[in-house]
Each structure stands twice: as structure tokens, then as C-alpha cells.
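Undergrad: turn this into a model:
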Amino acid sequence: SDHLPVTPADLNIPTVESGLPVILVNDGKILDKNLEKLGYDRKWLKEQILKFGAADIKKVYLATIDGAGKIYCSLSE
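TA: I've put the predicted structure just below:
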């Protein structure tokens, strides 16, 4: 046990779930199944997208959310 690395759990440090981001909007289309899996709805999504300056979902090329809840949004030209 002297040679085992220390883990965040050993030090009581909270960690963020890792993994691939989940696609919420793809080419202006909402992926409702992904929203439902995460416990969100269209109203919540529209509020988040509005923060990026898009009043219309059709203007969003790609929107994803990572394990930490951080949203990435790319607007179409």
C-alpha cells in the first residue's frame, strides 16, 4: 500500500463526472431524448441558449453539455 497513488476520495476532494459531452442541439434541432435523460426541458435549454445570444434555436449549430454542467454553444452563420 506504500506504492499506491493517492486518489481524490482519499483526500475528500470532490470530482466531476468525466466522459463525453452530450449533444443538446444539432444543426438547429433539439435532441429531446438527451434533454430528458439529463432531466432538462426545452424551456431550460432556451434560457441557456439565450445566454449565448441566440434567441432562436434554429440559429444554433451545436450545443453540448459536459459532466460538470458546462454548456458549449456554437451559432451558425
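Undergrad: how about residue 42: what's its closest non-neighbour residue?
TA: residue 30 (6.3 Å; Cβ to Cβ, 6 or more residues apart in numbering). Every C-beta, even on glycine, is put in place using the N, C-alpha and C of the backbone.
Undergrad: contacts only, for the residue nearest the centre of the chain.
TA: The centroid of the chain falls nearest to residue 65 when counting by Cα atoms, centre = their mean (0.9 Å). Shown in contact with residue 65 (Cβ atoms under 8 Å, 6 or more residues apart in numbering): 21, 22, 24, 38, 71, 72.
Undergrad: ok, residue 32 next?
TA: Here residue 32 is in contact with residue 42 (Cβ under 8 Å, 6+ apart).
Undergrad: what about it? Give its phi and psi, please.
TA: phi -60, psi -40 (degrees, to the nearest 10).
Undergrad: repeat for residue 60
TA: According to degrees, to the nearest 10, residue 60 has phi -90, psi 120.
Undergrad: I figured it hits residue 31, correct?
TA: No: between residue 60 and residue 31 there is no contact under Cβ atoms under 8 Å: 11.4 Å.
Undergrad: show me where this protein has helices.
TA: 32-38, 42-50 (DSSP state H).
Undergrad: which other residues reach the last one?
TA: Counting by Cβ under 8 Å, 6+ apart, the neighbours of helix 42-50 from elsewhere in the structure are 24, 25, 30, 32, 35, 57, 60, 63, 71, 73.
Undergrad: noted, bye for now.
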